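# Attaching a predicted model along with its sequence, questions to come.
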Amino acid sequence: MMRIQDPNGDWKVSEKDKRVLVKRKPEEAGGVYYKVYREGMIKNYTGGEVKMAPSRWIGGSNRNYPAGWSPIQSGQAGLFPLFEPEVRAMADFFWEHKNIGGLLTYHTYSGIVMRPYALWSDKHWEEKGLEKDLAVYNALGEIGTEMSGWPILSPYEEMTLNKKGARTGCSMDWWYDHFGLLMYGIEIWDMPTRAGFKDFHERGMRFVMGDLSEEESLKLMAWIDKETGGEGFADWAPHEHPQLGAVEIGGMRTKYTMQNPPPHLLDSALDKIFMFPIRLAAMLPQVKITKTEATAIGEGLYKIKAEVSNLGFLATNLTEQRKKIKLDKPVRVKIELGDGVELIGGKERSSLGNLEGRSDRLPGHPSYSVSSGRAEGSKGTVEWTVRAKKVPGRVVISSYSLKGGRDRKELELA
């Protein structure tokens, strides 16, 4: 950062640590005060007030998705949805891999597990009849909380100070709203909590915005000194700025303190959360043929019965949103006949629709009730009648689910 003395400045040097700047109080006057800017040249500067430059580190990637896209977030949104080549590459990869059931994005600081929405308030879930999806999001998000200690939250509810300028074009909202996929955003590094402060859920956006008390700033500085040996802070040093004249340049080296872990803490930061996607993958639907029967009913005739079950946590449609936008695909069952076996009754290919997992039986879930008498929704059965011209005959039953996988069982007709 650059600091320059100004009688109308907002900052003063701490009496406890000359490296630390603290906010000037409303009644303070007569001291040495500073205005603080990002280091660099000032574009089109002709004197007078200095306008704060936008951050040069934020690209277009996570405001360039189609959900609620808007060009208003200059420098972040791209020229149009999917304009950024990295974003388009991810969209193309997804489209070519229909079995993908969930996504995570990794970000670098705050120590949180984010779930939708970035653009809409939590009232949106109820207004759209998606309370079931919110219950699932929170339940699976708690796995991330259990592993990391970081809270699960909505970026709109707890990270957006200006609701009129909410985060448009975010990947999290797009993958869920347009495809019905579960998606989480993980903010991996959390320097304030490492330094002994409360988690993000309790401290809110203050640390992100730099709204710290003097004691809080001193506490962070003590942690930086301990963990980086002083390398995490550049001491203020005088420089002659070509446009502003005498300035001092220095401050926290945020790339390896606040925004990312110092190198020796990188592994410990990643270890907290990188098994999360593996555990989420284990929650996907798992469609299996759980029971098969072949019963002789006379004169070479056999009644074939197959029970197909979803043994996973998530339903085969994954989310209610996926049903709403009509992207859910039914579980399909097929019978293949061996030599000398012909189909007498039933269809060669059958559809079982969507199969529930265990996600609709969450405590606190809108449809959860032990005594509700709801029908079991995680199983389906298919029956056929076949004739075997000679024994032993053979049939093969197979099941297919876009998100729940394939299974196959062979039956002998004796």
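Here it is on my side, so go on.
# Looks like Leu130 contacts Glu320 (just checking).
Yes: using Cβ atoms under 8 Å, Leu130 is in contact with Glu320, at 5.4 Å. Heads up, the C-betas are built off the backbone N, CA and C, glycines and all.
# What residues are bridge-paired with Gly405?
With DSSP bridges as the criterion, Gly405 is bridged to Ser401.
# Kindly report the same for Glu307.
Counting by DSSP bridges, the residues bridging with Glu307 are Lys291, Thr381.
# give me the number of residues near it?
Glu307 sits with 14 neighbouring residues when counted by other Cβ atoms under 10 Å.
# Contacts only, for it.
289-292, 379-381 (Cβ atoms under 8 Å, 6 or more residues apart in numbering).
# Where neighbours are concerned, which of those has the most?
That'd be Gly380 among the contacts of Glu307, by other Cβ under 10 Å, with 22 neighbours.
# where does the stretch 51-200 of the chain dip in pLDDT?
Low-confidence segments of the stretch 51-200 of the chain (pLDDT under 70): 53-60, 73-75, 165.
# Helices of that one, residue ranges please.
85-96, 123-127, 131-148, 155-159, 171-179, 191-194, 200-203 (DSSP state H, counting those that start in this stretch).
# secondary structure class for the nearest residue to Ser398 once chain neighbours are set aside?
In space, and not counting its chain neighbours, Ser398 is closest to Arg408: 4.5 Å by Cβ to Cβ, 6 or more residues apart in numbering. The three-state label given to Arg408 by DSSP: H, G, I helix; E, B strand; the rest coil is strand.
# isn't Arg408 right next to Ile289, touching?
Yes: contact criterion Cβ under 8 Å: Arg408 and Ile289 qualify, at 7.4 Å.
# shared neighbours of these two, anything?
Common neighbours of Arg408 and Ile289 (Cβ under 8 Å, 6+ apart) are 397-399.
# Among those, which one lies nearest to Ile273?
Ser399 (34.0 Å; Cβ to Cβ).
# how about that closest one, what does it touch?
Ser399 neighbours (Cβ under 8 Å, 6+ apart): 287-289, 308, 331-334, 406-408.
# 7 Å - rerun?
Applying Cβ atoms under 7 Å, 6 or more residues apart in numbering to Ser399 gives the contacts 287, 289, 308, 331, 333, 406-407.
# which residues in the stretch 201-350 of the chain form strands?
233-241, 245-252, 287-298, 301-310, 331-337, 341-345, 349-353 (DSSP state E, counting those that start in this stretch).
# Let me know the distance separating Tyr117 from Glu158.
According to Cβ to Cβ, to the nearest Å, Tyr117 and Glu158 sit 12 Å apart.
# got the buried residues for stretch 393-411?
393-395, 397-405, 407, 409, 411 (16 or more other Cβ atoms under 10 Å).
# oh sorry, the question was meant for stretch 223-237
Buried, per 16+ other Cβ under 10 Å, within stretch 223-237: 223-224, 227-228, 232-233, 236.
# before we move on, back to that, save the contacts of Ser399 as TSV, and put in distance to Phe274 and pLDDT too.
Below are the contacts of Ser399 laid out as TSV (distance: Cβ to Cβ, whole Å; pLDDT from 0 to 100):
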residue	distance to Phe274	pLDDT
Val287	28	98
Ile289	34	98
Val308	34	98
Val331	32	97
Val333	37	98
Arg406	28	97
Asp407	30	98
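# quick one: which of those residues is nearest to His201?
Nearest to His201 among the contacts of Ser399, with distances taken as Cβ to Cβ, is Val287, at 36.7 Å.
# Burial check on the closest one, number of neighbours?
That count, for Val287 with other Cβ under 10 Å as the rule, works out to 28.
# Run through the residues that contact it.
Contacts of Val287 (Cβ under 7 Å, 6+ apart): 308, 310, 316, 331, 355, 399, 401, 404-405, 407.
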